[in-house]
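Trainee: the sequence isn't on hand, but the structure is:
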């Protein structure tokens, strides 16, 4: 099963015909599972429908392409540590001890309407792999839902608060931090 995944941005050209996407026009995003990784394809709707393939998508969703605004292309000189920024850093680290924090951050961002869940698949660990897409950038996140119990939420919430407030650094365990479920 594919394990390797960080954050993949939405493409700005079709993965099949290499033509640029047009703002507000339909496109298809696909996750394809290979032996060692997930591969993301972004395609024009017609190109996807006409694609001959001998594989089934791991996940597939349709949406309208949104061209990046000039303001979003500017780099901030100083980045604030937001829930989204923390989520991106934690996913990149791939630390199993932080999987509960990653999941809670993803749910926070989903509730805040920054992320939208595009798909969910059972995982061999007993959890659920949830595929989220950032509403603005189109970046895709694959997050393991570890099926937290209510009695674990308080500890995870304290970890999230400590990381977002800057009272704990990444790699430093928060007081009462629990191992992943």
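Mentor: That came through, no problem. Note that the coordinates shown come from a computational prediction; the quantities given were computed from them, not determined experimentally.

Trainee: quick one, longest helix in the chain?
Mentor: helix 150-165 (DSSP state H).

Trainee: now that helix: buried residues?
Mentor: 155-156, 158-160, 162-164 (16 or more other Cβ atoms under 10 Å). Glycine gets a C-beta too; all of them are placed from N, C-alpha and C.

Trainee: please, where are all the strands along the protein?
Mentor: 7-8, 26-33, 38-44, 59-64, 115-122, 128-134, 140-145 (DSSP state E).

Trainee: closest one to residue 88 among these?
Mentor: Among those, strand 7-8 comes nearest to residue 88, with 5.9 Å by Cβ to Cβ.

Trainee: can you tell me which residues contact the nearest residue to residue 27 once chain neighbours are set aside?
Mentor: Of all residues not flanking residue 27 in the chain, residue 65 sits nearest, at 4.5 Å (Cβ to Cβ, 6 or more residues apart in numbering). By Cβ atoms under 8 Å, 6 or more residues apart in numbering, residue 65 lies in contact with 10, 21-27, 138.

Trainee: mind checking which of those residues are in helices?
Mentor: Per DSSP H, the subset of those in helices is empty.

Trainee: and the residues you listed as JSON lines, adding distance to residue 93, pLDDT and neighbour count?
Mentor: As requested, the contacts of residue 65 are exported to JSON lines (distance: Cβ to Cβ, whole Å; pLDDT from 0 to 100; neighbours: other Cβ atoms under 10 Å):
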{"residue": "10", "distance to residue 93": "23", "pLDDT": "85", "neighbour count": "20"}
{"residue": "21", "distance to residue 93": "31", "pLDDT": "92", "neighbour count": "21"}
{"residue": "22", "distance to residue 93": "36", "pLDDT": "92", "neighbour count": "12"}
{"residue": "23", "distance to residue 93": "34", "pLDDT": "91", "neighbour count": "10"}
{"residue": "24", "distance to residue 93": "35", "pLDDT": "90", "neighbour count": "9"}
{"residue": "25", "distance to residue 93": "36", "pLDDT": "92", "neighbour count": "12"}
{"residue": "26", "distance to residue 93": "35", "pLDDT": "92", "neighbour count": "14"}
{"residue": "27", "distance to residue 93": "30", "pLDDT": "93", "neighbour count": "22"}
{"residue": "138", "distance to residue 93": "22", "pLDDT": "89", "neighbour count": "20"}
